[in-house]
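Novice: take a look and give me a structure for this.
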Amino acid sequence: MKNNSVTKILPVLFGFFVMGFCDIVGISSDYAQDAFGWSNTMTGLIPSMVFVWFLFLGIPVGIQMNRFGRKNMVLLSMAITVAGMIIPLLSYNSITCMLAYALLGIGNAILQVSLNPLLSNVVTDQKLLTSSLTAGQVVKAISSLVGPYIVMFAVTYFGKGDEQLWYYCFPILGAITLASGLWLMLTPIEREHIDNSTEQATVGKTLSLLKNKTILLLFLGIFFVVGVDVATNFISSKVMAARFDWTKEEAGIAPQVYFLSRTIGAFIGVFLMTKISDIKYFRINIVACIAAILVLAFIETEIINLICIGAVGFLCSCIFPIIYSMAVSAQPDKANLISGLMITAVAGGGAVTPAIGAATDNIGIVGGILVILVCVVYLTYCAFGVKVSKTH
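Specialist: Below is the predicted model:
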């Protein structure tokens, strides 16, 4: 890759670090639950406040991206995120914290729609697109791994150990987002070419893409893989606390194991998918993931449960970019609209956690784990039942 391309790709890849901020909903929901006395069902709505916006904004942002450009939409997303991270400092209560989560979700929804295709503006070799998208997921996974430490750092150093001041993590995230936005703003990136037909795109035309069976199945694949990701992050600490009476601090190890494993999995996947086909890699990993979740559900041993939580993170780390790449490859001339459509499916992260919260309240922790299993079963069908003829 030429030096000029490297200087352009680095600020784009750093945007994936900001994308990972949504994953603080796992550990921060534990602090918020204690601070406001919420039930598991109510706490399960926190991820919904973040991820529901993907449902409403994915397609409109994909359409408007044709008008304003991918880079400008990324910058807008970061501005919204920065604004949201300031709010809890001005007034701290359950409503303003929910509003901060909502603006984090709105900014992240716009970011995910626009940042993935922006990467193709600076990665001109289409054969490297899946690997580049996976590299972005590595950066996102690193952010997710660092997220719990940011929350704990905020409590320890800014809150002087007072867990009621956990929300001090928000301005830290805002400062990092601001730095990312300034870096991208100062980086010249040539605007993508949009043909006249896509300029006239509408919500109806975008939704009509779902008439294509392949696009529909991949849309649901994104829905469920994000559901697995957010749900495992959400439930991991609760599994360890419920089964083994771990304290909140001890249980915080579980999402860290998950994110570390996901980071390693995404990093390894970048290299392995240059050696074997991405669909073969998908199939191997998703079958192994079913086994890991079954063990997690029915074997109650501390070390085994932690290993299974890490295994889910490792095995699912590359599935999102694989499915996304498959969708774009199916109709590359509609990349912007497909991006918006696919990112709409990220709302799965907000749909699955309330189901897990309700299942946990009514059935127990095993019920919550089995909700994740249902998502993985669909992904197994997606891996073996969807065929895409790639154009590159």
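Novice: what about Asn66, how many residues nearby?
Specialist: 19 (other Cβ atoms under 10 Å). C-beta coordinates here come from the backbone N, C-alpha and C atoms, glycine included.
Novice: where's Leu55 relative to Trp38, distance?
Specialist: 23 Å (Cβ to Cβ, to the nearest Å).
Novice: if you could redo that for Ser339, that was the one I meant.
Specialist: From Ser339 to Trp38 the distance is 34 Å (Cβ to Cβ).
Novice: not counting its neighbours along the chain, what's nearest Trp183?
Specialist: Pro11 (4.4 Å; Cβ to Cβ, 6 or more residues apart in numbering).
Novice: one more: Lys205?
Specialist: Using Cβ to Cβ, 6+ apart, the closest residue to Lys205 is Leu337 (7.4 Å).
Novice: where's Met78, which helix or strand?
Specialist: Taking DSSP states H and E as the criterion, Met78 maps to helix 70-90.
Novice: other SSEs contacting that helix?
Specialist: Packed against helix 70-90 by the contact rule (3 or more Cβ pairs under 8 Å, 6 or more residues apart in numbering; DSSP states H and E) you find helix 3-19, helix 45-68, helix 94-122, helix 169-185.
Novice: dump the residue contacts of Thr380.
Specialist: 286-287, 290 (Cβ atoms under 8 Å, 6 or more residues apart in numbering).
Novice: as JSON lines, those residues with secondary structure would be great.
Specialist: Formatted as JSON lines, the contacts of Thr380 follow (DSSP: H, G, I helix; E, B strand; the rest coil):
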{"residue": "Ile286", "secondary structure": "helix"}
{"residue": "Val287", "secondary structure": "helix"}
{"residue": "Ile290", "secondary structure": "helix"}
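Novice: looking at those, which is nearest Ile323?
Specialist: Ranked by distance to Ile323 (Cβ to Cβ), those are led by Ile286 at 10.9 Å.
Novice: how many other residues sit next to Thr7?
Specialist: 12.
Novice: what's the closest non-adjacent residue to it?
Specialist: Nearest one to Thr7, counting by Cβ to Cβ, 6+ apart, is Thr187 at 7.0 Å.
Novice: pretty sure the one you found sits against Ile9.
Specialist: No. Assessed by Cβ atoms under 8 Å, Thr187 is found out of contact with Ile9, at 9.5 Å.
Novice: and Ile299, what does it touch?
Specialist: So, once contact is read as Cβ under 8 Å, 6+ apart, Ile299 ends up touching Asn305.
Novice: with that, I have no additional questions.
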